[in-house]
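Trainee: fold the following.
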Amino acid sequence: MAQEQAQFDGTLAKEKSHEVGVIASVHWFDIPNGLEVTEDIDNYTLGEVKVVDGKRVVAQATAETKTEDAVLIAAVERQYVNLAPYAGLDAFYNAKGEHAVVVHLTRPLQFETSAFTGDLVIGDVAAWDGKKFAKFVDSSPDSVEGKKTSAPAKFTVVAGKEDVTHTLIAGKETVILEFYK
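Mentor: This is a model prediction of the structure:
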């Protein structure tokens, strides 16, 4: 994983703060050895598996990415740069050309992520809007916060930022999502 310019003097100073999360499920399935990313992609966001020049790669998912092509880009939960667990995870991302941890969307995959927008509460349905997870708008079955989508992957919010069991990872607010279709 690539790391932003950082220095350690008791605090981690970063140029950028990337998305963070953890996989909450006991069982999950990843693609062995990961896939090469075609662009810089944050962890705990959605990617899209594609074939380019006969090779499987992963790109950042768009709002139009179909469920069957969507995958979760995940980081391995471990200590980085000798910091406490999760303390420096927001300094890491998957740089173009690197291999990312790629997790299949299978039921009932649960993961915690800081890559969300708006007020997601327990019971809400969320979908990927091309940049973050956002509340799925029921009034228009093909839209996420007004953006047109094509059979998006949908997730149930099982723990929101207001939940007492909610945790902060690297000082960032997170929600726990469960893939359901």
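
Trainee: now the element after the top strand by length along the chain, going C-ward?
Mentor: Scanning the chain for the strand with the most residues, using DSSP state E, yields strand 45-52. Next helix or strand after strand 45-52 toward the C-terminus (DSSP states H and E): strand 55-60.

Trainee: so what secondary structure elements neighbour that following strand?
Mentor: strand 35-37, strand 45-52 (3 or more CB pairs under 8 Å, 6 or more residues apart in numbering; DSSP states H and E). For every residue, glycine as well, the C-beta is placed using N, CA and C.

Trainee: and residue 90, that one's in a strand?
Mentor: No - per DSSP: H, G, I helix; E, B strand; the rest coil, residue 90 lies outside any strand segment and is helix.

Trainee: from residue 122, how far off is it?
Mentor: 25 Å (CB to CB, to the nearest Å).

Trainee: more crowded one of these two?
Mentor: Using other CB atoms under 10 Å, the more surrounded residue of residue 90 and residue 122 is residue 90, with 22 against 13.

Trainee: per-residue pLDDT, the more buried one?
Mentor: Per-residue pLDDT puts residue 90 at 75.

Trainee: was I right about it contacting residue 173?
Mentor: No - with contact defined as CB atoms under 8 Å, residue 90 does not count as touching residue 173 (11.9 Å).

Trainee: between those two, what contacts are shared?
Mentor: Residues touching both residue 90 and residue 173 by CB atoms under 8 Å, 6 or more residues apart in numbering: residue 114.

Trainee: let me know the pLDDT of residue 93.
Mentor: For residue 93, pLDDT reads 83.

Trainee: now it: which helix or strand?
Mentor: Applying DSSP H and E, one finds residue 93 within strand 92-93.

Trainee: coming back round to it: which secondary structure elements does the longest strand of the chain contact?
Mentor: Short answer (3+ CB pairs under 8 Å, 6+ apart): strand 45-52 packs on strand 55-60, strand 70-74, strand 99-104.

Trainee: between the ones you listed, which one is closest to residue 30.
Mentor: Nearest to residue 30 among those is strand 99-104 (4.8 Å), distances taken as CB to CB.

Trainee: name the residues of the closest one that are buried.
Mentor: 100, 101, 102, 103 (16 or more other CB atoms under 10 Å).

Trainee: off-centre distance for the next helix or strand after that strand?
Mentor: Heading C-terminal from strand 99-104, the first helix or strand you meet, by DSSP H and E, is strand 110-113. Mean C-alpha position of strand 110-113 versus that of the full chain (CA atoms, centre = their mean, to the nearest Å) differs by 8 Å.

Trainee: alpha carbons of strand 110-113, as CSV, please.
Mentor: Output in CSV follows, covering the C-alpha atoms of strand 110-113 (Å, rounded to 0.1, in the frame of the first residue of the first chain):
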residue,chain,number,x,y,z
GLN,A,110,-20.3,-6.7,7.0
PHE,A,111,-17.7,-4.0,7.1
GLU,A,112,-17.0,-0.7,8.8
THR,A,113,-16.2,2.3,6.6
